[in-house]
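Participant: Need a 3D model of the following:
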Amino acid sequence: MSLSILASLEPDPTNRVSASEAAAALGQALFFDARLSANGAISCASCHQPGRQFQDGLPVGKGMSLGNRRTMPIEGAAYFPFLFWDGRKDSLWSQALGPLENPAEHGADRTMVVRLTLAAYKEQYEALFGPAPDISGAPDHAMPSGEVDLALAWNAMSPKLRQDIDRAYTNIGKSIAAFERTLGPKPTRFDAFADALGQGKIDVAQSILTPAERAGLKLFVGKANCVSCHNGPLLTDNAFHNLGLPGATPASDAGRSAAVATLKADPFNCLGEFSDAGPGDCSELRFMETDSPDLVGGFRSPSLRGVALRPPYMHAGQFAMLGDVLAHYSKAPAASFGTTELQPLGLTQEEVAAIESFLKTLDPAETPSSGAEGR
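Facilitator: Residues are numbered from 1 along each chain as shown. The predicted structure is shown next:
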């Protein structure tokens, strides 16, 4: 589980500029640009705040209005095969496009976003992607779905103009993704402990974690079996689980089972025309589980790195404190929707406190940097 064994990121086959420093610089500017919103006040950084592990600390995200799910941190997200709580996107660049047109988030539309980007960042854009398309004949606002007038305006354009806008919109997402790939997880006290242990330096390892923290680690990999879902250097199995959670909004949120059809139909997925993937790529999408009843009400296991610093918890912020999460796992109540995977653990209060102590060793060893200056 040590961060030292985390493999270096390979270039994303769906995004030919994923490893480009110039693309990351453009993506960083776009990430902090609040002009890419309906009211000119919401940027990606509004919810993905650099000082909070690129999340916002709210039960559910708040952009143009309140959403219905928790903002996920994006440090290390480039390693994940599926994005969002329900995994409805399969690349960082495709994920970046969704919030721009979501009425509860940026509330913008792709025609507006492309026009603004080409006006404000034309030189950087063309250095990466070649000549910018001529979209002077497009309406001010248009996109394929959403409000009726926007969809009508979109359908009134020629197929070539729609494709040019889609291509430029894709390139905007790919630039943002190149920046987000630079946001990796940070070393922790637990990593120092694990590395010392791996080197046979037992005394050094024991000096790094307290007895209570070590007891919590033993429970984490033993009786509590947290490691079954939170494993590897990113402390996640990247899978989807129904945990019988209370208070979700809506209460019958189908989670992963509803997202697979959305992902397969997404024109911006790995197999779509705007992906740079080759014939041998996209195995995650090709072979993903699509019809198991276990997916009903299932949500992705988040990374536990830095988890103690980002309450509240779960996909709709159902639990205020880590102790509340652990108490839920210990009791394993029946699910109100679908079937929970949890089994009662019968943890004592002392055991819950020990696990919580261990989870705090996953905090970054240093305070996160601001990442970039906002506009």
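
Participant: need the strands for the stretch 201-350 of the chain, in chain order.
Facilitator: 240-241, 299-300 (DSSP state E, counting those that start in this stretch).

Participant: ok, and which of the ones you listed has the densest surroundings?
Facilitator: strand 299-300 (a mean of 26; mean count of other CB atoms under 10 Å). From N, CA and C alone the C-beta is placed, and that goes for glycine too.

Participant: what helices or strands is that strand leaning on?
Facilitator: Where contact means 3 or more CB pairs under 8 Å, 6 or more residues apart in numbering; DSSP states H and E, strand 299-300 is packed against strand 240-241.

Participant: that older thread, can I get the strands of the stretch 201-350 of the chain in a markdown table including mean pLDDT and distance to Thr188?
Facilitator: Shown next, in a markdown table, are the strands of the stretch 201-350 of the chain (pLDDT from 0 to 100; distance: least, CB to CB, whole Å):
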| stretch | mean pLDDT | distance to Thr188 |
| --- | --- | --- |
| strand 240-241 | 95 | 24 |
| strand 299-300 | 96 | 21 |
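
Participant: closest to His106 out of the ones you listed?
Facilitator: Among the strands of the stretch 201-350 of the chain, the nearest to His106 by CB to CB is strand 299-300 (22.4 Å).

Participant: Quickly note the distance from the nearest residue to Pro364 once chain neighbours are set aside to Arg305.
Facilitator: Nearest residue to Pro364 in three dimensions, chain neighbours excluded: Lys186, at 3.9 Å (CB to CB, 6 or more residues apart in numbering). Distance of Lys186 to Arg305, computed by CB to CB, to the nearest Å: 8 Å.

Participant: neighbour count winner among these two?
Facilitator: Arg305 (26 against 19; other CB atoms under 10 Å).

Participant: Show me the common contact partners of Lys186 and Arg305, please.
Facilitator: 75, 364 (CB atoms under 8 Å, 6 or more residues apart in numbering).

Participant: those helices in the chain, which residues are they?
Facilitator: For the chain, the helices defined by DSSP state H occupy 21-31, 44-47, 92-101, 110-120, 122-129, 148-155, 159-180, 189-198, 202-208, 211-221, 256-265, 283-286, 322-331, 349-359.

Participant: helices or strands up against the first one?
Facilitator: In terms of contacts (3+ CB pairs under 8 Å, 6+ apart), helix 21-31 is packed against helix 44-47, helix 122-129, helix 159-180.

Participant: One more pass at 10 Å, please.
Facilitator: helix 44-47, helix 92-101, helix 110-120, helix 122-129, helix 159-180 (3 or more CB pairs under 10 Å, 6 or more residues apart in numbering; DSSP states H and E).

Participant: need the contact list for Ala177.
Facilitator: If you count contacts by CB atoms under 10 Å, 6 or more residues apart in numbering, Ala177 has them with 12, 14-15, 17-18, 23-24, 27, 77-78, 91-97.

Participant: one more time with 6 Å
Facilitator: By CB atoms under 6 Å, 6 or more residues apart in numbering, the contact list for Ala177 reads 15, 92-93, 96.

Participant: ok, now Glu180?
Facilitator: 74, 92.

Participant: Arrange the helices of the chain in CSV, one row each, with distance to Tyr313 as further columns.
Facilitator: Supplementary listing: the helices of the chain in CSV, determined by distance: least, CB to CB, whole Å:
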stretch, distance to Tyr313
helix 21-31, 25
helix 44-47, 17
helix 92-101, 21
helix 110-120, 32
helix 122-129, 38
helix 148-155, 36
helix 159-180, 23
helix 189-198, 19
helix 202-208, 26
helix 211-221, 16
helix 256-265, 18
helix 283-286, 26
helix 322-331, 5
helix 349-359, 11
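
Participant: what separates the residue lying farthest from the centre of the chain from Val148, distance-wise?
Facilitator: Here the centre of the chain is the reference, and by CA atoms, centre = their mean the most remote residue is Asp203, at 37.5 Å. Applying CB to CB, the value for Asp203 to Val148 is 69 Å.

Participant: picking up where we left off before, which one, of the helices and strands packed on helix 21-31, ends up nearest to Gly137?
Facilitator: Closest among the helices and strands packed on helix 21-31, using CB to CB: helix 159-180, at 6.3 Å.

Participant: Would you reformat the helices and strands packed on helix 21-31 as JSON lines and include mean pLDDT?
Facilitator: JSON lines is the format used below for the helices and strands packed on helix 21-31 (pLDDT from 0 to 100):
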{"stretch": "helix 44-47", "mean pLDDT": "97"}
{"stretch": "helix 92-101", "mean pLDDT": "97"}
{"stretch": "helix 110-120", "mean pLDDT": "98"}
{"stretch": "helix 122-129", "mean pLDDT": "98"}
{"stretch": "helix 159-180", "mean pLDDT": "98"}
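
Participant: Which among the ones you listed is found nearest to Met288?
Facilitator: Closest among these, using CB to CB: helix 92-101, at 14.5 Å.

Participant: Might you calculate how far the closest one sits from the centre of the chain?
Facilitator: 11 Å (CA atoms, centre = their mean, to the nearest Å).

Participant: Per-residue pLDDT of Ser292, please?
Facilitator: The score at Ser292 is 87. That number is its pLDDT.

Participant: Ignore what I typed, I meant Pro250.
Facilitator: pLDDT for Pro250: 53.

Participant: how near is Ala215 to Leu322?
Facilitator: Distance from Ala215 to Leu322, by CB to CB: 16 Å.

Participant: do you know which of the helices and strands packed on helix 21-31 lies nearest Leu362?
Facilitator: Once the helices and strands packed on helix 21-31 are compared by CB to CB, helix 159-180 is nearest, at 21.0 Å.

Participant: Buried residues, that closest one. List them.
Facilitator: 161-162, 164-166, 168-180 (16 or more other CB atoms under 10 Å).

Participant: circling back: between the contacts of Ala177, which is nearest Cys47?
Facilitator: Ala96 (12.3 Å).
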